[in-house]
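Q: Provided below for reference: sequence and predicted model.
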Amino acid sequence: MKIRDFEFNMRELGGSMGDFGTLFPLAIGYIVVCGMDPAGLLIMMGLANIATGLIYHLPMPIEPMKVLAVVAIAQKWSPSLVYASAFAMGTVWLLLAATGWVEWLARITPKSVVKGIQVALGVMLGLQGIKMIGAAWGLGIVAVAIVLLLRENRYAPAAVVLAVLGIALAAWKGDLAGIQPPGFRLPPLTLFSLHEVRDAMVLAGFAQVPLTATNAVIATASLIAAYWPGRPVSERKLSINMGVMNLILPFFGGMPLCHGAGGLAGQYYFGARTGGTNLIEGAIEIGLGVFFAASIATLFQAFPMAIIGAMMLLVGFQLAAFARDVRPGFDMWVVILTVLVSLASNMALGFIAGMAAHWLQKILRGYLKREKMADMEPR
């Protein structure tokens, strides 16, 4: 173990907060709408963060599965159905890793489609960030300025300054009045039925799989290779990670979890460079779950969303900037098609559209090349 693999400083602390924008809204929904136990939700997420940090010695985002979370909150799923959905996803991703289908999918996916998914995710984060800033434009502009001024500061990183600012504003407005004194909670033992596993797959699980394959596996592996060229993490390993953690965590109140290119970009943008980021984030989440479980929804809801929106907006810009590496020509058109279809529908359909365009043009070029060679042959 090398010391540089695990740094514990203000920069890594800032990086550990870089993906909170995707966590806060969905965690609130799971707790308030679905009635999930906040101790189990946060402690299990914290343990997953610590485990992946220790295994890979790199920042490794752990975040809620978006499709499952949105559907579960919209339809007011019971906690047991949420736990069943996590178990279902764990089974799916272990099977995909064991059969080699994840590696096969990664091999046939061109870089132009991966870039398109990254850019689409960046645009989505940016648009969501603008929407969140809309409630308090002045605060949002201040938050953006703080990020631009302090993002590289080793002693007062932007994410840490924004976290302190957000808590201070919430306290000044009196939004923290409902916070209860620290208590002590451990994650509960939670169970579910096999028919709930089936129902969860039908209701949202099958829709989640292609999004996870593109964003949490292929795009995340690509982003890790871009940020740390000498330390790649394979798609198969990412699939195994998600499989194992989603088979264990739902028995102790955990929600469906995955990796994600957006979360990784957020961590890196705000300073994450080592596995220390995951250990710090995990410790924060475990501390909140153990000592503040009774007040966690109030804490999250009190935090100014304009600050989170500003962070998401700038992370979105960073992801969208990956398009600059794409050469002009057909590859750029594949990126544009992938982005447009993703924004108009979802990333799974964007992925399919980009793949279809790439492989159709490749087949057509091969056909035209054979025809040209045939014309050149002596008759």
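A: Sure thing, it's come through. Numbering: from 1, shown residues only.
Q: Now the host helix or strand of Ser239: average pLDDT?
A: Assessed by DSSP states H and E, Ser239 sits inside helix 235-248. Helix 235-248 shows a mean pLDDT of 97 in the predicted model.
Q: what sits up against it?
A: Contact partners of helix 235-248, identified using CB atoms under 8 Å, 6 or more residues apart in numbering, comprise 48, 51-52, 60, 62, 86-87, 89-97, 100, 102-103, 105-106, 212, 216-218, 220-221, 254, 256-259. Every residue, glycine included, has its C-beta placed from N, CA and C.
Q: Let's see the PyMOL selection covering just the buried ones among the residues you listed.
A: Per 16 or more other CB atoms under 10 Å, the buried members of the contacts of helix 235-248 correspond to this PyMOL selection:
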select buried, resi 48+51+52+60+62+86+87+89+90+91+92+93+94+96+97+102+103+105+106+212+216+217+218+220+221+254+256+257+258+259
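Q: Which of the contacts of helix 235-248 fall within strands?
A: Leu257, Cys258 (DSSP state E).
Q: Output the below-cut-off pLDDT ranges for the stretch 1-150 of the chain.
A: Along the stretch 1-150 of the chain, segments meeting pLDDT under 70 span 1-3.
Q: now the helices for it?
A: 10-16, 20-32, 38-56, 66-74, 79-99, 101-108, 111-133, 137-150 (DSSP state H, counting those that start in this stretch).
Q: Which strands and helices lie in contact with the fourth one?
A: Put plainly, it is helix 66-74. In this structure, helix 66-74 packs against helix 20-32, helix 79-99, helix 206-211, with contacts taken as 3 or more CB pairs under 8 Å, 6 or more residues apart in numbering; DSSP states H and E.
Q: what does the last one give?
A: The contact analysis (3+ CB pairs under 8 Å, 6+ apart) places helix 137-150 against helix 111-133, helix 158-172, helix 305-320.
Q: Just the C-alphas of that helix, formatted as CSV.
A: Only the C-alpha atoms of helix 137-150 are listed here, as CSV (Å, rounded to 0.1, in the frame of the first residue of the first chain):
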residue,chain,number,x,y,z
TRP,A,137,-30.1,32.8,-8.9
GLY,A,138,-28.1,35.1,-6.7
LEU,A,139,-26.9,32.3,-4.5
GLY,A,140,-26.2,30.1,-7.5
ILE,A,141,-24.0,32.7,-9.1
VAL,A,142,-22.1,33.2,-5.9
ALA,A,143,-21.6,29.4,-5.7
VAL,A,144,-20.3,29.2,-9.3
ALA,A,145,-17.9,32.0,-8.5
ILE,A,146,-16.6,30.2,-5.4
VAL,A,147,-16.0,27.1,-7.4
LEU,A,148,-14.1,28.9,-10.1
LEU,A,149,-12.0,30.7,-7.6
LEU,A,150,-11.3,28.0,-5.1
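Q: avg pLDDT for the top helix by length along the chain?
A: If you go by DSSP state H, the chain has its longest helix at helix 347-376. Average pLDDT, helix 347-376: 80.
Q: which strands and helices sit next to that helix?
A: Judged by 3+ CB pairs under 8 Å, 6+ apart, helix 347-376 is in contact with helix 111-133, helix 206-211, helix 330-344.
Q: now, of these, which is deepest in the fold?
A: Stretch with highest mean neighbour count among the helices and strands packed on helix 347-376: helix 111-133 (a mean of 23; mean count of other CB atoms under 10 Å).
Q: what inclination does it have with respect to helix 66-74?
A: In terms of direction (axes from the mean of the first three to the mean of the last three CA atoms, to 10 degrees), helix 111-133 departs from helix 66-74 by 30 degrees.
Q: Next one, pLDDT for the closest residue to Thr109 other than its chain neighbours please.
A: Take Thr109 and drop its neighbours on the chain: the residue closest to it by CB to CB, 6 or more residues apart in numbering is Ile218, 5.6 Å away. pLDDT, Ile218: 93.
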